[in-house]
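Colleague: here is my input; please provide its structure:
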Amino acid sequence: MLLPDFMYQQHHVKEGTQGYSVKDGMMSMHRLLPDRLVVVLLDSGFLAFIVLVSLVLYVSRLGFYSDDWSLLATMDLADDSSVIKLITIMFRDHPEMRSRPVEVLHYVVLYKVFGVQSWGYHVVNSTVLMANAILLYICLLQFRSPRTLALSAVLIYILLPHYSTNRFWITASVVPLSMSFYFVSLYCDLRSLGTYGWRFAIWKAASAGALLGSTLGYETPLPLFFIIRF
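Modeller: The predicted model follows:
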């Protein structure tokens, strides 16, 4: 369930209506859910399509740039290519990443899967960008934003010109990944509102875990942490 539909249901109940019960409201909620879910899925597909169109024009021609080569050299020249050893070497040779273990793990996993083939890195990064558009849209719906406003805000966010560095530069690809964790954390925190007991604990635990992943990935989302309500 993406939206608490009972909040919408209240607007359809006429004042003074007799015989309206909680059971009736729940039944109406379940009847409304499929339509709302279809809308969310269609809008998510639309956002993914827009991001994809913006990527296909250049993504096949992208390669490695600047600091990408330093990171690749560190891993490619290692005498032991195991994940643990590569992580250890990355921490040793790139001390600026010691506070970002998620970033190091991100690069190591990409290297283990794709080696020095740049296309794989960019496909993964493009997928993360599409996921971020959908995650932000769902979060805005949870904030009760109108559909048109939510779609417009996401399109502006994902197509901003000065956002382009995260599209081209693999060294910066951890930033969109960090934002993915943040959006998941924000969604879980919003879903926890109005819940109690074990449901509240599960949503809060998931929110805290995703927030930790975002923090250990990159510091860009730090100013947004104040939105989270604990």
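Colleague: any low-confidence regions in this structure?
Modeller: Within the chain, the ranges that satisfy pLDDT under 70 run 1-34, 225-230.
Colleague: all helices for it, in order.
Modeller: For the chain, the helices defined by DSSP state H cover 6-9, 22-56, 67-76, 83-93, 101-114, 118-142, 147-159, 165-168, 174-192, 197-215.
Colleague: can you list the ones you listed in JSON lines and add mean neighbour count?
Modeller: All C-beta spots, glycine's among them, are computed from the backbone N, C-alpha and C. Shown next, in JSON lines, are the helices of the chain (neighbours: other C-beta atoms under 10 Å):
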{"stretch": "helix 6-9", "mean neighbour count": "14"}
{"stretch": "helix 22-56", "mean neighbour count": "14"}
{"stretch": "helix 67-76", "mean neighbour count": "16"}
{"stretch": "helix 83-93", "mean neighbour count": "15"}
{"stretch": "helix 101-114", "mean neighbour count": "18"}
{"stretch": "helix 118-142", "mean neighbour count": "20"}
{"stretch": "helix 147-159", "mean neighbour count": "15"}
{"stretch": "helix 165-168", "mean neighbour count": "17"}
{"stretch": "helix 174-192", "mean neighbour count": "23"}
{"stretch": "helix 197-215", "mean neighbour count": "16"}
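Colleague: nearest to L224 among those helices would be which one?
Modeller: Closest to L224 of the helices of the chain, according to C-beta to C-beta: helix 174-192, at 6.2 Å.
Colleague: between that closest one and helix 101-114, how many degrees?
Modeller: 120 degrees (axes from the mean of the first three to the mean of the last three C-alpha atoms, to 10 degrees).
Colleague: quick one, what contacts the residue nearest to the spatial centre of the chain?
Modeller: Residue closest to the mean C-alpha point of the chain, counted by C-alpha atoms, centre = their mean, is S180 at 2.3 Å. By C-beta atoms under 8 Å, 6 or more residues apart in numbering, the contact set of S180 is 128, 131-132, 135.
Colleague: next one: it relative to V128, how far apart?
Modeller: To V128, S180 is 6 Å away according to C-beta to C-beta, to the nearest Å.
Colleague: swap in F114?
Modeller: Distance, F114 to V128, by C-beta to C-beta: 15 Å.
Colleague: what does P146 give?
Modeller: Distance of P146 to V128, given as C-beta to C-beta: 27 Å.
Colleague: I134 contacts S44, doesn't it?
Modeller: Yes: judged on C-beta atoms under 8 Å, I134 makes contact with S44 at a distance of 4.5 Å.
Colleague: got any residues that touch both of those two?
Modeller: If you check I134 and S44 against C-beta under 8 Å, 6+ apart, no residue is contacted by both.
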